[in-house]
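> no sequence on this one, just coordinates:
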């Protein structure tokens, strides 16, 4: 037994009771220690203080991000983003008579709104004087758009005010699922630094660059919802990312995907805002400018001018760009579709693939090695971070997350982005975003890519690792493709 | 006595204590919402798309500019002509690798000496490859329309040509290769989208085309992943007032309205990258007197 005497046991009992009661402050509020927080990136922290926190009323990067995305307890669903927050948007069709208590509203919605039995509809005002208050609709008549509220409104709204009914449900659902299933690796903010992350190689994805590696979209496009769905469904073989089917249902998968996109957009928005300021207002720039003779006071004045005059344009550019790129990623135009059907696997095709692999045009062996073991000469060089010009401590090429980018060992037959031939086609066509695998779409014809795919799929089954196979003509050739 | 002992034993037994402790622990935890942070259902506030200040239609200065342009005629335009000179003595950098060195793809990359382009000096200590540019277009100038412009970005003997390139936003950069070996072009912009694409050997028509849509605050790096010493700099800019010094350090920027203008002088080997962040130059209309921009040796970070 841990305690030897009954006296010690009594002390233990009383002590534990006191601690447990003191540590929990009862009631419906939870203590601060349990609140989740979104962290700011290191890039944000490298800016000078006034750029991070703002000057007076002028918001800095941190406030600009918080206003649009909120914190994990109170999320902000920014309608500019192409995220399905859930709910139906609409607007107030008529200005209600403000002289009496406003208990009835006339609304018109962009989609169909149905009331689920006795459950009241949650109506949130997005714009206008009444925003952002929430009211509950006890009775809803689709014809005529009449909504009866459970209580009178404090602030009377006006016609044209935008509203959302049952909004934010998908986001809230996604957040709950994410915190339960994903945050231990990917972190509360999607920074890939959850509590388990330090024990994992490769590291969990840091969403905040807005870059995902294994996509079906073009080299310049972002990840699509389908790609994220595939990752959740299949996991990422060769890494710690598991499959979440059938643990998560369809609607849960959809919600998690929206929340992951939300976190990715938040991180990217923050990063892009910092990029607008970093050249002139980072701590390093501040030091350099002070050495050149400028005073800190002048620099702060200049920053103040920038925040007043130019920040609007920057915000507009950044948010338009963000919204557009994430939206077009889901379109058919972004999808990589080979212009010829798959060339059937054959010894001849594999030989052509092997020749292309070794050719001077592609020089795949430079990274992937002559035997395709992922041990090419590029894995031994020391290189500098292209942004900071500092030498990386480890040899080899590095990816955009500053991790060592190990070229794939093709002899193992583990393909992280999927092992369908078209998946490998897409890896070669678009490259792997964020990594040092370049896009070869400007160098190769689609037929040539299929030959390389056939070669790659045959590599694990070759007697001599990486060599072109030599099989007896009437023997069926082994292949990884099914 | 026996009964009393038995009672004491019962009430002070360890099992009793442990179970009481457990019960109190549980009740204590039940009183607080353990795990509130992760399992809590969050509030969601819907925020309108045109967040205050985000829309470009908000009144800003561009409206004022055209009236100024209308009043200033062509005769009031001037130019800035000058040289960037290294102030002090400096021993020229040795080549990165000499002809015939045992480097990757040496038949091509070591055909000639590959110079260290971080600091290239010309006649009279003139410094080549220095960017001289204005951070923002001066008021009263026309906005740039470079959608039809095409620039060439070539590579030969495993060197990018040119090493420094000013790229008007909206123009097309054609990436060419004059080498028989594989290259790729990997750019690292801040405000634009980067590109990481292979370039076919001997591609003279430039299948890879790059367009920058936004001006950058400073030049961005462009590298080749196959040959780690290869690098170049692009400066995407949304006006015409930018130049790169030639091999002797000379540059010229014309079409500027008369008055005082502020230039940034950027060089890759300078500490902090900027030789000068704000060089004020008085521009007179008509011909310009050449200026000399001193680049102190102490500013070098090699």
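Arrived safely. Computed from a predicted structure; not experimentally measured. Numbering: from 1, shown residues only, chains lettered A, B, ... in the order given.

> pretty sure residue A:83 is touching residue A:264, no?
No: with contact defined as C-beta atoms under 8 Å, residue A:83 does not reach residue A:264; the gap is 10.0 Å. C-beta: built from backbone N, CA, C; applies to glycine.

> do stretch A:137-156 and chain B meet?
No: judged by C-beta under 8 Å from any C-beta of the partner chain, stretch A:137-156 and chain B are separated, with a smallest distance of 15.6 Å.

> against residue B:245, how distant is residue A:137?
With distances taken as C-beta to C-beta, to the nearest Å, residue A:137 is found 68 Å from residue B:245.

> looking at these two, which is more packed in?
residue B:245 (26 against 21; other C-beta atoms under 10 Å in any protein chain shown).

> quick one, phi psi at that one?
phi -70, psi 150 (degrees, to the nearest 10).

> do you know how far it is from chain A?
Distance from residue B:245 to chain A, counting by C-beta to the nearest C-beta, to the nearest Å: 20 Å.

> which residues does that residue contact?
B:83, B:84, B:126, B:127, B:128, B:129, B:130, B:132, B:251 (C-beta atoms under 8 Å, 6 or more residues apart in numbering or on different chains).

> what does the pLDDT read for it?
Looking at residue B:245, its pLDDT reads 96.

> and what of residue A:431?
So residue A:431 comes in at 95 (pLDDT).

> what segments of the stretch 151-300 of chain B are strands?
Taking DSSP state E, counting those that start in this stretch as the criterion, the stretch 151-300 of chain B carries its strands at B:159-161, B:164-168, B:172-175, B:183-188, B:196-199, B:208-211, B:220-223, B:231-237, B:242-244, B:250-257, B:259-266, B:274-283, B:291-296.

> can you put those in a markdown table and add mean neighbour count?
Formatted as a markdown table, the strands of the stretch 151-300 of chain B follow (neighbours: other C-beta atoms under 10 Å in any protein chain shown):
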| stretch | mean neighbour count |
| --- | --- |
| strand B:159-161 | 20 |
| strand B:164-168 | 21 |
| strand B:172-175 | 21 |
| strand B:183-188 | 23 |
| strand B:196-199 | 25 |
| strand B:208-211 | 19 |
| strand B:220-223 | 21 |
| strand B:231-237 | 24 |
| strand B:242-244 | 22 |
| strand B:250-257 | 18 |
| strand B:259-266 | 19 |
| strand B:274-283 | 18 |
| strand B:291-296 | 16 |
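
> what's the closest of those to residue A:115?
Among the strands of the stretch 151-300 of chain B, strand B:208-211 comes nearest to residue A:115, with 50.3 Å by C-beta to C-beta.

> give me the helices and strands touching that closest one, please.
When contacts are defined as 3 or more C-beta pairs under 8 Å, 6 or more residues apart in numbering or on different chains; DSSP states H and E, strand B:208-211 sits against strand B:172-175, strand B:183-188.

> thinking again about what came up before, residue A:83 and residue A:264 - which one has more neighbours?
Set residue A:83 next to residue A:264 and count neighbours by other C-beta under 10 Å: residue A:264 wins out with 24 against 21.

> return the distance of that one relative to residue A:78.
Using C-beta to C-beta, we find residue A:264 at a distance of 14 Å from residue A:78.

> tell me which residues of stretch A:411-425 are tucked away?
Buried residues in stretch A:411-425, counting neighbours by 16 or more other C-beta atoms under 10 Å in any protein chain shown, are found at A:411, A:413, A:415-425.

> how distant is it from the center of its chain?
23 Å (C-alpha atoms, centre = their mean, to the nearest Å).

> near chain B, anything from it?
No: using C-beta under 8 Å from any C-beta, stretch A:411-425 never reaches chain B; the gap is at least 15.2 Å.

> avg pLDDT for stretch A:416-427?
pLDDT averaged over stretch A:416-427 gives 96.

> do me a favour and get the end-to-end distance for that stretch?
End-to-end span of stretch A:416-427 (C-alpha to C-alpha, to the nearest Å): 10 Å.

> go ahead and name everything in contact with it.
Contacts to stretch A:416-427, defined as C-beta under 8 Å, 6+ apart, come from residues A:213-216, A:230, A:234, A:236-239, A:336, A:338, A:342, A:408, A:413, A:415, A:432, A:437, A:446, A:449-450, A:453-454, A:456-457, A:480-481.

> of those, which belong to helices?
Within the contacts of stretch A:416-427, residues falling in helices by DSSP state H are A:230, A:234, A:446, A:449, A:450, A:453, A:454, A:456, A:457.

> report the contact partners of the first one.
Contact partners of residue A:230, counting by C-beta under 8 Å, 6+ apart, are A:216, A:418.

> could you check the pLDDT of it?
In this model, residue A:230 is scored at 96, pLDDT.

> any idea how far it lies from residue A:208?
As defined by C-beta to C-beta, residue A:230 lies at a distance of 22 Å from residue A:208.

> most widely separated two among the ones in helices among the contacts of stretch A:416-427?
The largest separation in the ones in helices among the contacts of stretch A:416-427, counting by C-beta to C-beta, is between A:234 and A:446 at 24.5 Å.
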